[in-house]
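K.L.:
Predicted model, plus sequence, below.
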Amino acid sequence: MDSDSFALRRLEQSIWVIKAASDKEAHLTLESLRKKGASICGDLNTRKRKEVHISGESGFYIKALVEGLVLSNYQFHKYKRDKKEKGNSFGRISIDGPITAKEIKSLKGVLASVYETRDLVNEPLSFLTAPQLGKEIKKIGKSAGFKVEVMGRKKIESLKMGGLLAVNRGSVDDPSFSILEWKPSKAKNKKPIVLVGKGVVYDTGGLSLKPTPNSMDLMKSDMAGAAMMIGTMAAISRAELPLHVIALIPATDNRPGGNAYAPGDVVTMYDGTTVEVWNTDAEGRMLLADALSYAKKFDPELVINSATLTGAAIRAIGTYASCVMGTADNRDFDSLERSGYDTYERAVRMPFWEEYRKELDSDIADIKNLGGANAGQITAGKFLEHFTDYPWIHIDIAGPSFLTSPDSYRGKWATGYGVRLLFDMLSKRT
């Protein structure tokens, strides 16, 4: 067992005694406590309990237990008529232990932001169009305390964001491009950290229609990269981290409308690069490329982008971690990996050799938007690299961001992957 525990029950009370494993690595011990929290949460709701009190000698252990309790208590019942009857009873935690009020505030902010991230990903296209996503970002920004600017079609057209506009051509809804900013007066970084998230609110594949049965059923989740960055901004703001952070969220759906962009098209991007379109289902990188080019105007210290970009990432490592690659310093990748273990939102670094770039050579344009059959997660990253000239990390979250069966405190459907990971990584820069 990862931890020893037993429950004592008397009348209306239940007492869990948990002994954290001492023979495990620290990150495994914390993960076992999160899972124990999920188990306790299930028991609390089964027994219709409303409150739990936690007493312990380690703030780290208390935090992990709380994470498991709260994250496993998440529900998305917005569209159910009987949501009140189906709602969980459990809803209050009190703590006695070596954890400060500031740490509790930070933890509450992170968990609230994960909830918001899950909500965004779970929303269907019938509600969450690209313009509506901009409105939701404004609501979250008002709640969390960061600034938001949402650009609509006219502004996007004036900026000549050809990638975003090309993908949007088949849609009945306008695109949006949102700029989120948290800039405290005593920020420790002179140059901002820029986060970029893929906001494809629904993906049919466009004219390169997704071919496999049921492959479109859950494509509302294709904006999980955007949701991850929105949630990270909310967590940073709520914790009042002394870092200047900007997030860019390009958003549209990808549909095969009468004016949709087509295989063989050549698209001129925001930075002037010409892209030969080999497959319209490689659309997320088209959005991200414009946003990554736009990020140059901020002279960033570091840029991190996230996206449900490739099925190849899932085939490479499953749903247990994200695939990461890029041009940032090894210290940044080491920090990301360490935070991945600490939060158990793990990240696996991929090779990023120049040979992969050759697969994107085009006979008629500067670059094409699709490589060969192998290592698709890496060739997608090499496409994005073309639009960067700064330290940069690409995170492909196609695997861990959305699950089709329950997994402890991660639950079923949207997991909110990446918010705790990036918050932990960025917190350590302060």
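P.N.:
Cool, got the structure.
K.L.:
now the helices for the stretch 51-200 of the chain?
P.N.:
For the stretch 51-200 of the chain, applying DSSP state H, counting those that start in this stretch gives helices covering 59-72, 83-86, 101-122, 130-144, 153-158, 162-168.
K.L.:
list the helices and strands the longest one packs on?
P.N.:
Contacts defined by 3 or more Cβ pairs under 8 Å, 6 or more residues apart in numbering; DSSP states H and E place helix 101-122 against helix 59-72, helix 130-144, helix 224-239, strand 411-414, helix 419-427. The way it works is simple: take the backbone N, C-alpha and C, and place the C-beta from them, glycine included.
K.L.:
Next: the shortest one.
P.N.:
Under the contact definition 3+ Cβ pairs under 8 Å, 6+ apart, helix 83-86 sits against no other helix or strand.
K.L.:
now that helix, how far from the chain's geometric center?
P.N.:
The chain centre lies 28 Å from the centre of helix 83-86; the measure is Cα atoms, centre = their mean, to the nearest Å.
K.L.:
what's the answer for stretch 129-136, then?
P.N.:
Worked out by Cα atoms, centre = their mean, stretch 129-136 lies 17 Å from the chain centre.
K.L.:
Format the helices and strands packed on helix 101-122 as JSON lines; extra columns: mean neighbour count.
P.N.:
Output for these, formatted as JSON lines (neighbours: other Cβ atoms under 10 Å):
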{"stretch": "helix 59-72", "mean neighbour count": "22"}
{"stretch": "helix 130-144", "mean neighbour count": "20"}
{"stretch": "helix 224-239", "mean neighbour count": "30"}
{"stretch": "strand 411-414", "mean neighbour count": "20"}
{"stretch": "helix 419-427", "mean neighbour count": "24"}
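K.L.:
so which of the ones you listed comes closest to Val324?
P.N.:
Distance to Val324, taken as Cβ to Cβ, is lowest for helix 419-427 among the helices and strands packed on helix 101-122, at 10.2 Å.
K.L.:
tell me the pLDDT at Ala187?
P.N.:
According to the prediction, Ala187 has pLDDT 98.
K.L.:
any idea how far it lies from Tyr294?
P.N.:
Using Cβ to Cβ, to the nearest Å, Ala187 is found at 21 Å from Tyr294.
K.L.:
more crowded one of these two?
P.N.:
Using other Cβ atoms under 10 Å, the more surrounded residue of Ala187 and Tyr294 is Tyr294, with 21 against 17.
K.L.:
was I right about that one contacting Ala247?
P.N.:
No. Under the criterion of Cβ atoms under 8 Å, Tyr294 is not in contact with Ala247, lying 11.8 Å apart.
K.L.:
of all the helices of the stretch 51-200 of the chain, which lies closest to Val419?
P.N.:
helix 101-122 (5.0 Å).
K.L.:
Mind exporting the C-alpha coordinates of that closest one to CSV?
P.N.:
Output of helix 101-122 as CSV, limited to C-alpha atoms (Å, rounded to 0.1, in the frame of the first residue of the first chain):
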residue,chain,number,x,y,z
ALA,A,101,-3.4,31.4,6.1
LYS,A,102,-1.4,32.5,3.0
GLU,A,103,-0.9,28.9,2.0
ILE,A,104,-4.6,28.1,2.4
LYS,A,105,-5.5,31.2,0.3
SER,A,106,-3.1,30.0,-2.4
LEU,A,107,-4.5,26.5,-2.3
LYS,A,108,-8.1,27.6,-2.5
GLY,A,109,-7.2,29.8,-5.4
VAL,A,110,-5.5,27.0,-7.3
LEU,A,111,-8.3,24.6,-6.7
ALA,A,112,-11.0,27.1,-7.7
SER,A,113,-9.0,27.8,-10.9
VAL,A,114,-8.9,24.0,-11.7
TYR,A,115,-12.7,23.9,-11.3
GLU,A,116,-13.0,26.8,-13.7
THR,A,117,-10.7,25.1,-16.1
ARG,A,118,-12.7,21.9,-16.0
ASP,A,119,-15.9,23.9,-16.5
LEU,A,120,-14.6,25.5,-19.6
VAL,A,121,-13.5,22.3,-21.2
ASN,A,122,-16.7,20.5,-20.3
